[in-house]
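Quick one, structure for this:
(2 chains)
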Protein chains: 2
Amino acid sequence: MCSDQPSAQPVGRGAKVRAAVHAATLAELVNKGYAALSVEHVAQRAGVHKTTVYRRWKDRESLLADALAEHMAMDIPVPDTGAIESDLRALARSIVHTFTSPNGQALLAAMFTGAAHLPEIATARRHVFDDRLARAEPVVTRAIQRGELPGGTDPAELLKTLAAPIYLRLLITADPVDETTADQAVRVTLTAARAGVLRTDSQPPL
Amino acid sequence: MCSDQPSAQPVGRGAKVRAAVHAATLAELVNKGYAALSVEHVAQRAGVHKTTVYRRWKDRESLLADALAEHMAMDIPVPDTGAIESDLRALARSIVHTFTSPNGQALLAAMFTGAAHLPEIATARRHVFDDRLARAEPVVTRAIQRGELPGGTDPAELLKTLAAPIYLRLLITADPVDETTADQAVRVTLTAARAGVLRTDSQPPL
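As a prediction, the model looks like this:
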């Protein structure tokens, strides 16, 4: 019963299984909500046995965190255009496009509303955000190397400055979120970064 | 039965009733959550008849929005120190103090998690935020008049730039939120504002 032999129509191994399970996890989350999310349903939807899932992820929370992080990683690629301004523009616009798409809005709602009070969701949210930051940091370090930004500019601080006004509008205000929002976030962030306000070393007291 | 004559121990009229009903609304929200929030319970806790509540607020949603906005208005006073830097610092630090206090955290949780998926809560959240923006705008307009900020600086845009990194940390990342967070938000915002990046008139294309 718990055999994990390939079925009549094998899904494949490794990357293919991961992708299928991730997609099934997000589909379950978006369609049925966090409360109804179970490894059993995910396995069923992905066409794998649930032991296959448990062999890779210890529980549904780590599965969800991993699926969300992977989804963001694919949906918001880290640009490398050779210039900080166009890199940040691409990054900010990807965030906007991701979360204003129907699928992205459903994910945002799942992460911030229905199940948002559960500690596991808060953990998944932070995990996803930290993962995004870590992946995008090279955008900033490359700009420092090219001499476009002051040495000591803090990549995490810069990327949070970029993301903050977009999330404020997505989660709190009723303002439309579009490419103008993204471009304005880039202007503010670059102005602060170039002025040395986003450096890691201690800032002068206010 | 629905008489609204003063009871044996009259609470008083006007401002006193409003204050008592507001306080009761937030206490009910924090202690029992949005789902259990009812005009009946609020009236009971405030020591007024429920028709007294319905005469001033059409339903529990408008009552909640009003109570939250009033609470923020009292808890986050609009400073007028004579200089934009100290005004913004006071404002940002008030936001931080409000939402890191036990009561403020409970309110934040009520607005963003438990009941956050309800359209009425989303509306209340926007209402509260818009109210905050409208009240704080003089901070910016006075700075423009004093020549501290470029003419055409958009007060709402500036105040959102100030609030965004604080809310990002409160709602998404696991970073500590303290006066350092507030002061850093002021630095970024002022740098952008002084550089003319927060003006209403159209920005140069990126």
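
Could you list the buried residues of the helix-or-strand element of chain A with minimal mean pLDDT?
The helix or strand with the lowest mean pLDDT-type score in chain A, counting by mean pLDDT, DSSP states H and E, is helix A:102-109 (a mean of 80). By 16 or more other Cβ atoms under 10 Å in any protein chain shown, the buried positions in helix A:102-109 come out as A:104, A:106, A:107, A:108, A:109. For glycine as for every other residue, the C-beta is placed from the backbone atoms N, C-alpha and C.

Please list all residues in contact with the closest residue to the fourth one other than its chain neighbours.
Looking back up the chat, that one is residue A:108. Excluding its sequence neighbours, the residue lying closest to residue A:108 (Cβ to Cβ, 6 or more residues apart in numbering or on different chains) is residue A:99, at 5.2 Å. Each residue near residue A:99 by Cβ atoms under 8 Å, 6 or more residues apart in numbering or on different chains is listed here: A:105, A:107, A:108, A:166, A:170, A:177.

thinking again about what came up before, between the buried residues of helix A:102-109, which sits nearest residue A:138?
Taking Cβ to Cβ as the measure, residue A:138 lies nearest residue A:104 of the buried residues of helix A:102-109, at 23.8 Å.

thinking in terms of the whole chain, how far from its middle is whichever strand or helix holds residue A:98?
With elements delineated by DSSP states H and E, residue A:98 resides in helix A:84-100, which encompasses its position. The chain centroid and the centroid of helix A:84-100 are separated by 12 Å, computed with Cα atoms, centre = their mean, to the nearest Å.

Dump that helix to CSV, keeping only the CA atoms.
These are the backbone C-alpha positions of helix A:84-100, laid out as CSV (Å, rounded to 0.1, in the frame of the first residue of the first chain):
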residue,chain,number,x,y,z
ILE,A,84,21.4,48.7,-11.8
GLU,A,85,18.5,50.9,-13.0
SER,A,86,17.2,48.5,-15.6
ASP,A,87,17.9,45.5,-13.2
LEU,A,88,15.8,47.1,-10.5
ARG,A,89,13.1,48.1,-12.9
ALA,A,90,12.8,44.6,-14.2
LEU,A,91,12.7,43.3,-10.6
ALA,A,92,10.1,45.7,-9.4
ARG,A,93,7.9,45.2,-12.5
SER,A,94,8.1,41.4,-12.0
ILE,A,95,6.8,41.8,-8.5
VAL,A,96,4.0,43.9,-9.7
HIS,A,97,3.1,41.5,-12.6
THR,A,98,3.2,38.5,-10.3
PHE,A,99,0.9,39.8,-7.7
THR,A,100,-1.6,41.5,-10.0
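
Tell me the buried residues in it?
Within helix A:84-100, the residues that count as buried by 16+ other Cβ under 10 Å are A:84, A:87-100.

which of the residues you listed lies closest to chain B?
Using Cβ to the nearest Cβ, residue A:89 is the member of those that lies nearest chain B, at 5.4 Å.

now the strands for chain A?
Secondary structure of chain A by DSSP state E: no strands are present.

Mind naming the longest helix for chain A?
Among all segments of chain A classified by DSSP state H, the helix with the greatest residue count is helix A:119-145.

Let me see the domain layout of chain A.
Annotated domains of chain A cover A:15-57, A:67-194 [automatic domain parsing].

what about the first one, near chain B?
No: interface with chain B: domain A:15-57 contributes nothing (Cβ under 8 Å from any Cβ of the partner chain), its closest point being 9.5 Å away.

and residue A:33, backbone torsions?
Phi and psi for residue A:33, reported as degrees, to the nearest 10, are phi 90, psi 170.

wouldn't it be in contact with residue A:107 here?
No: Residue A:33 lies out of contact with residue A:107 (Cβ atoms under 8 Å); the separation is 11.8 Å.

just for chain A, where's the confidence low?
Using pLDDT under 70 as the threshold, the predicted model of chain A has low-confidence ranges A:1-12, A:113-118, A:201-206.

which residues in chain A form helices?
Taking DSSP H as the criterion, chain A carries its helices at A:15-32, A:39-46, A:50-56, A:60-75, A:84-100, A:102-109, A:119-145, A:155-171, A:179-194.
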